[in-house]
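[1] let's see this in three dimensions:
(2 chains)
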Amino acid sequence: MTSTVLDVVVCLLLVSGAVVVLAGTAPGSPSPSAAAKAPAVAETLATSTATVEYDLVPTDGDPPTPEHGRVAHGTLAELLAAATVAGVEVDGTRATTTADGFRAAVRSVVAASTGRRMQVIARWEPYPGAHLAGELTVGPSPPRTATVHAVTLSVPARFHSPSEEARAGAGRDGYAGVARVVARTLVAGLFPPAATRLALADDDPLPTLVRKRYRRVGAAYGVRLGTVRPPSVTATNSRLADAVATRVEADLRRGMQSPREAADALALGKVRIVVRTWSA
Amino acid sequence: MSFVADERARVPFAVVGALLLVSASAHAATLAGREGAVVDRRVAVTLDRVEAEATAALRTAVREAVVDAAASPVIRPANTTVGRALNASSPFRDALRLRIHLAAKRHFERLDRRVGGARVAVTVPPVGRDSTPAVRAAVRRVSLTALDGGSSLRVTLSNVSASATRDGHPIARKQFVLAVTVASPVLLVHDRVESFANRVGNGPTEPGFGRGLTARLYPLVWARAYGQFGGAPIGNVLANRHVELAANGALLAEQRRAFGRGDPAARHGLEELTAAVLAGDIVAAAGLPPETAGGLVEGHTRPQPEETVSVDVDRSADAALLATTADLEDILRDAYRVAVRRSATVRASGGESPPAPVAPGPGWTLVGNRTTETVTAGGGWTDRTVRSNGRRATFATYVRDVTAERTIRRTWRRAGRTVEVRQNWTVTYRVEIRVTGRHAPTGDARPVPDESAFVREGPDGSPNLRDVPARALELLVDGAGGPTALARRAVGEDVNASGTVFGRRPTGLRAHALAELARLRNRVASVETTVPASDLAAGRANPAADLAAELRERRGDLLGRPTEDDGVSGRAVAAARAAYLAAVIGELDRRADRTRARNGRLVGALGNVDADVPDVEVGRALTPPRRRLGTDGRGPGGPVALSPDGAPAVLSRGGVSRTGAAGSEVPTTLAVRNANVFSLPTEAVGEAVAGSLLGSREAVGLRVAARTLLDSDAVGGNATLETRRERLASAVASSLASLRTAVDRALRLGTALPEAERRAAVDAAFARWDGLGPRALAATNGSLAAAVLEEADARADWTSAERVPVAARVRVALAAARRSSAGRVDAVLVGRTATTARAVARRVVADRTAALTERAARRVLADRWLGRALGPVLAGLPVAPVPGYWYATLNVWVVTVRGGYERFAVTVPGGPPDGAGARTVYVREESTVRVDVDGDGTSETLGRSAPVWFDVTTAVVVAVPPSGRGVGDVLGPVDERSPGWPCPDTLPARAGNCPATGG
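    This is a model prediction of the structure:
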């Protein structure tokens, strides 16, 4: 008798196991409405274009003149990426406020094209744990209780993607090699030499704006760059890059297991855009 | 045995459960096996999404490529594997296409991702550098279209594929064509800059820089030429600083035209340059109001080529007067001509009939007869009153009765015997003989309307034709034997006859006619026409023809309308006046023919100067620049505003900057050569052209020689100069001697002065000028002729009517003598002396000005002594078919400018912030364009960019009225070259014959 009971019990256990096995294998059926929204928004960001009119923000709080007026055109994702990089912060301090008008304009254009109950977060971080990064958030954060669906897309940033050189640098000089490549790329992206030279040689307000940016970034890295003139752009950039490299190297040594890993983790050329949606 | 206890064939539940579990596991395993299908779906979704990401990547790639392509545009493809893949007619576009392809490839590589165990990648076919066709294929995969008026760019990239691979095995693949529209006016900018560069390279015959330069040089040169002509101390009419100014003005205008606005720095620099150059010299020297100065450079004000030159009849009036005076006797006599006629009317008035033959008897035959007659006239009457007879006048009528007594002898014959029978009869006639006359002047006189002129005196008391009837009767009646004899003859023969009788002219008639001619000559000589000096300079005007037409039109006005009351003397004088006017017109017609021939030679000669002589009108053809250029703002990027930016903003001849810090060197970006063609009588080219124009290579006019002699006199001693001057002086003296002979001969032929007085008059006239130079000059400007006349007049005491023809004769004789070979002077002598004198003078000026400030130097120039040395030096080419008709002096400057911008950039603001002002900058400079085509880390040469440059030659022609000074560069080098000539720093290597200079 006891064996029969035992048998039945064992049978039931086995049946339950089978149920569990099947139940564990059968695909679930997620709620389609909330899940489909995020990719749709991402699609919108990647494909629809917009024209943004903005003013470069003059130094010293002067009102902008027609010389400051600009028009930018691109997909929403591109505009987001440009606005993200334009708001780069070094140690939490904004490197430039010149593009604040652009950031505000992009924010409102994106908000108008997406809708309620979603948030777009664009973030540029050259490598994990970097001391400098740019971020732009459009829309409110979701409530804690809501189920959140997220889609990520990555958009080219205006920095180059120096993975190959960085890996070579890692093989040659370790962290310092990677840091040098990263710093050079960062400075070349922040102050593109050819365009900067032309801007410095141009009529005001451009030289003033560029010099102010140099001053602020230099100050953030503790370098006095003096008054930059068109012929001294290369020299100035390389001085700045040296200071940046020191900081980057420290970051990498702290956060990465090996120079090789650091080189692989570089993401200078990408702005990641996360679209978060939720239902009420 | 109970069922419970029976255990046969019993399957334990646990076994069933185990089976269930196994089958569930199997089923689970089956379900788990479907996991692969789920992965496949994710790959497919990823492949879809990656297309959108690739589009975004392409946008970024295009933006990057556009920036790079604009920063170093390919203007000339290189002859390399890669360069040959670019179409030579559109290298910029093809290079942009290639750059887009490469940038897209680079950006697509970043899209690599892993989904599950699969690798998803977006690829375009690689570009190998080894073969031109491969690169060409890559270029072809990209297509470009400018949209929205050029403000945006549509790019299509074909052959893009997205593929998913697992462990190297392809599991899914998709191919698509990507198309994006990017707000970038790069094609518009390139086209504009190309058009700008082309126009800047254009010479004066095509629209663009050359024409703008010419249009600016014209008013400058004309203002200064007339300033010099008007006596302003201008030694160098067109200096290179003026060319520099005009060239920069023209370049700025081209910028405005191509881009809607000019480089602000250039505008500013040009204003400073204008102020520096113009304030000091054009305005002060030419007396222009300062506010016009800026306009001159901007090309807005161009008053000067509308300057006109007045040409009057003058010398032609003299030549015609001489001719008319010589013929005056005939002209006057012909006005008094009367055609006279004698006519007779015979009417039978009575008498018998001729008797019939009567035979002496039967058988007689009439074998002959012979009639004789005796005619006697008598009786009748004579009327010698002048009477009207229609258009003729009857001077006299003679009526005579004529009786003819006739005898006829008839001879009869019969049988050898002859007998003569005589019979008489008488016939009477009435014969009327009439002498008539008609005023029939030949030439230009008009006949009198009726017979009264033969009867009454004229209104001026002159006898008219009153003597004509008597002379006619004497000729036709008395000379023919008298009226009775004529009447007798009239019966038997025709006595009608005609003849010509000239009325006797009153004694004062010739003097009166001469006075009238002199008056008319003065009126005619002052008739003038104005022709635009520019037409004269370009060989397009024919003032002589204009004058002839003018005189033809004013003929009635000049001659006056004769009244019917005029007597014959009035008509005779009118005839003389008409003949004179016809002679003037004939003279002008011949002058017009010579001018036509000269114009042809002038145009030919200017062609030989190796420059296109542009139409003066080109200045007016400049269209005002559009203020704003770009699209209407409908494009995605909004309106496009192009900002040109040249480096340097203002092209400089080099040397020391006038506007920058004192003494700072500026690079030579402009090379200028400006050669004054007719800086007569020195330069070889001037001689050559002048020679071909004047029809002689060896001789120049006495005037040029005299000027040179005078000017060299003013310049102080130098042994070479002394020798040359002496030789020139003896040549001038021999020329003067031939003039003296000519004048003496003119006085001998034209006056009745005794030889001694004539000689004395000529000597006194020549002695009025002290020295060869002034005397020779006086011989060429009319004052010597005037002096000869005064001296002769003092001795002969002429009336004004007598003086005018003599004056004409002397003037014409002098002019003829001057252009005869004896009157001209060897050009080589003149040229050598002038060159030496000018060199000496230049040294003197240099010495004197070295220590002075510029302002003081200008005062020195105005100084009398130097003014005499330098100011009146003749320059320019006298425009005259023959020297007697000098009516303008022209000169030509051949100007060549070479140069360019070291860098010429066009900026278009727009795009997201990039850290450098959010702009696209298109740069043209001398550089090599390299791109890493095959991705091996080293760049391949695509081609070269090219700076904006020009090498333009133009010519400026100016004409001033005839006067002593002429126009031309008399101070400073005649062939002026800027420090950078011939190769400025910014001229690209291949331009001209310059060695490689640019980057």
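
[2] show me where chain A has helices.
    A:2-25, A:32-47, A:76-86, A:100-114, A:163-173, A:175-190, A:193-201, A:206-220, A:233-255, A:259-264 (DSSP state H).

[3] and if you look at the stretch 301-450 of chain B?
    B:315-326, B:328-335 (DSSP state H, counting those that start in this stretch).

[4] tell me, how many residues neighbour B:Glu51?
    Look at B:Glu51: counted by other C-beta atoms under 10 Å in any protein chain shown, it has 16 neighbours. (Each C-beta comes from the backbone N, C-alpha and C, glycine too.)

[5] picking that back up, could you dump the helices of the stretch 301-450 of chain B to CSV with mean neighbour count?
    Below are the helices of the stretch 301-450 of chain B laid out as CSV (neighbours: other C-beta atoms under 10 Å in any protein chain shown):
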stretch, mean neighbour count
helix B:315-326, 23
helix B:328-335, 20
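
[6] mean pLDDT lowest for which of these?
    The minimum mean pLDDT among the helices of the stretch 301-450 of chain B belongs to helix B:315-326 (a mean of 83).

[7] that one - contacts with which helices or strands?
    Counting contacts by 3 or more C-beta pairs under 8 Å, 6 or more residues apart in numbering or on different chains; DSSP states H and E, helix B:315-326 packs against helix B:509-525, helix B:568-608, helix B:800-819.

[8] I'd like to know which of the ones you listed is closest to chain A.
    Among the helices and strands packed on helix B:315-326, the nearest to chain A by C-beta to the nearest C-beta is helix B:568-608 (44.8 Å).

[9] near chain A, which residues of the stretch 401-550 of chain B?
    By C-beta under 8 Å from any C-beta of the partner chain, no part of the stretch 401-550 of chain B sits against chain A.

[10] that older thread, got CSV for the helices of chain A, with mean neighbour count too?
    Formatted as CSV, the helices of chain A follow (neighbours: other C-beta under 10 Å):
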stretch, mean neighbour count
helix A:2-25, 15
helix A:32-47, 17
helix A:76-86, 28
helix A:100-114, 19
helix A:163-173, 18
helix A:175-190, 23
helix A:193-201, 21
helix A:206-220, 19
helix A:233-255, 18
helix A:259-264, 20
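
[11] rebuild those helices as CSV, extending it with distance to chain B and mean pLDDT.
    Output for the helices of chain A, formatted as CSV (distance: least, C-beta to the nearest C-beta, whole Å; pLDDT from 0 to 100):
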stretch, distance to chain B, mean pLDDT
helix A:2-25, 3, 74
helix A:32-47, 4, 74
helix A:76-86, 4, 90
helix A:100-114, 5, 88
helix A:163-173, 9, 83
helix A:175-190, 6, 89
helix A:193-201, 3, 82
helix A:206-220, 4, 86
helix A:233-255, 10, 90
helix A:259-264, 13, 86
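
[12] may I see these arranged in CSV, with distance to A:Val148 as well?
    As requested, the helices of chain A are arranged in CSV below (distance: least, C-beta to C-beta, whole Å):
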stretch, distance to A:Val148
helix A:2-25, 25
helix A:32-47, 9
helix A:76-86, 20
helix A:100-114, 15
helix A:163-173, 32
helix A:175-190, 32
helix A:193-201, 40
helix A:206-220, 34
helix A:233-255, 27
helix A:259-264, 29
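
[13] where's B:Val62, which helix or strand?
    helix B:35-71 (DSSP states H and E).

[14] which parts of that helix are buried?
    Burial within helix B:35-71, assessed by neighbour count using 16 or more other C-beta atoms under 10 Å in any protein chain shown, is assigned to B:39, B:43, B:46-47, B:49-71.

[15] where along the stretch 351-500 of chain B do the strands fall?
    Ranges of strands in the stretch 351-500 of chain B, per DSSP state E, counting those that start in this stretch, are B:365-383, B:387-389, B:392-414, B:417-439, B:497-502.

[16] which one of the ones you listed lies nearest to A:Val20?
    With distances scored as C-beta to C-beta, the stretch of these nearest to A:Val20 is strand B:417-439 (155.6 Å).

[17] same for that closest one, what does it pack against?
    strand B:337-351, strand B:365-383, strand B:392-414, helix B:468-476, helix B:483-492.

[18] what pairs with it, parallel or antiparallel?
    Note on strand B:417-439: by DSSP bridges, its sheet partners are strand B:337-351 (antiparallel), strand B:392-414 (antiparallel).

[19] could these be laid out in a markdown table, adding distance to B:His169 and mean neighbour count?
    A markdown table is the format used below for the strands paired with strand B:417-439 (distance: least, C-beta to C-beta, whole Å; neighbours: other C-beta atoms under 10 Å in any protein chain shown):
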| stretch | distance to B:His169 | mean neighbour count |
| --- | --- | --- |
| strand B:337-351 | 130 | 17 |
| strand B:392-414 | 136 | 19 |
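
[20] take these and lay them out in JSON lines including mean pLDDT.
    Putting the strands paired with strand B:417-439 into JSON lines (pLDDT from 0 to 100) gives the following:
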{"stretch": "strand B:337-351", "mean pLDDT": "88"}
{"stretch": "strand B:392-414", "mean pLDDT": "89"}
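
[21] read off the pLDDT value for B:Glu420.
    86.

[22] tell me, what residue is most central in chain A?
    A:Trp124 (1.5 Å; C-alpha atoms, centre = their mean).

[23] so what sits opposite it in the bridge?
    With DSSP bridges as the rule, A:Trp124 is bridged to A:Gly134.

[24] and it, what does it touch?
    A:81, A:84-85, A:88, A:133-135, A:157, A:270-272 (C-beta atoms under 8 Å, 6 or more residues apart in numbering or on different chains).

[25] returning to what we had before: within reach of chain A, which of the buried residues of helix B:35-71 are there?
    Filtering the buried residues of helix B:35-71 for proximity to chain A by C-beta under 8 Å from any C-beta leaves B:49, B:52-53, B:55-57, B:59-60, B:67, B:71.

[26] residues from the stretch 701-850 of chain B in reach of chain A?
    Proximity of the stretch 701-850 of chain B to chain A (C-beta under 8 Å from any C-beta) involves no residue at all.
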